[in-house]
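*Asks:* Here is the input, now give the coordinates:
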Amino acid sequence: MADPATLRLRYAVGLDPADIAKAMWAEIAPGGRALWTSSGSDLLAYDTAAIAPGAGPIRPIARLPGAVPPSGVTGATFYRGRLLLAGEQGGVLQIWSVDVTGATPTRLELELPGVAAESEGLDVLDARGGVLHWLLTPFPSGGRKPTYGTGHSELLTFVPAADAGLHLRVAPSHIVTGRRTTITATVTERYSGRVHRVEGARVRGGGVSATTGSDGTARLRLRPARPGPVRLVATKHKLDPGRATLRAVRH
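*Replies:* Residues are numbered from 1 along each chain as shown. Below is the predicted model of the structure:
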């Protein structure tokens, strides 16, 4: 156990070697009662109340035999009650989810084929424009150079597939033909139960384009030559595009 501010060691609690040789990672389950780790192919849970100064070697309160996915485990976090486990299988980075209650099957949630890097830690946090954050370090794989370069780690951020759509709103909704008008495009995305403004989205339409700032807005100067609909689209990485239409009218 370390001090959360200084990271200085406060005390150590031994785990019974009959159950585990070495704890490579640890993640506390929602509610705070159980701390999960792995030993070989098994997932183990320890009672957090037993992790205290002076405690002797402690034993697990739960064991899930064979629950470690084929990619192994380099980092873990809980999301919506399921334990997400990061690792690598056959040169492919993967994240699997495990229902520690055993009620539903283990499933593959995410993989990054073609990415040459080493999987490290995971965290779930509403930040950086997403929910799930995966730390990767430079590591050559299969003769390939590290995908994100050398000399630094890379933090990738994800949203659930169901929430991966951009929403585009434009104002004003009508502009006059032959007259140059500045419109404001606002790009948002909904995840973690609330609406977030999206920075760095590219908005295109009417022959011009602009990129949203930290407030999720971009300004485009349009001068339509003829009346009718003017269609705009917002894109960013692999998120589903957002679309909007304004109308050009005669003066």
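
*Asks:* Give the phi and psi angles for T48, as a check.
*Replies:* phi -60, psi -30 (degrees, to the nearest 10).

*Asks:* Could you count how many residues lie near it?
*Replies:* Residues near T48, counting by other Cβ atoms under 10 Å, number 15. Yep, even glycine has a C-beta here, placed from its N, CA and C like the rest.

*Asks:* is it true that it touches E27?
*Replies:* No - the pair T48 / E27 is not scored as a contact, 11.2 Å apart, by Cβ atoms under 8 Å.

*Asks:* Check the contact lists of these two and give me the overlap.
*Replies:* L35 (Cβ atoms under 8 Å, 6 or more residues apart in numbering).

*Asks:* Check what pLDDT H251 gets.
*Replies:* Here, the pLDDT recorded for H251 equals 79.

*Asks:* Over to F139?
*Replies:* The model reports F139 with a pLDDT of 84.

*Asks:* Burial check on the closest residue to it other than its chain neighbours, number of neighbours?
*Replies:* Closest residue to F139 apart from its sequence neighbours, by Cβ to Cβ, 6 or more residues apart in numbering: E118 at 3.6 Å. E118: 16 surrounding residues under other Cβ under 10 Å.

*Asks:* what's near enough to touch E118?
*Replies:* By Cβ under 8 Å, 6+ apart, the contact set of E118 is T74, E88, L136, T137, P138, F139.

*Asks:* quick one: the helix or strand hosting the second one to chain centroid distance?
*Replies:* Meaning E88. Using DSSP states H and E, E88 maps to strand 82-89. Once both centres are worked out by Cα atoms, centre = their mean, to the nearest Å, strand 82-89 turns out to sit 13 Å from its chain's centre.
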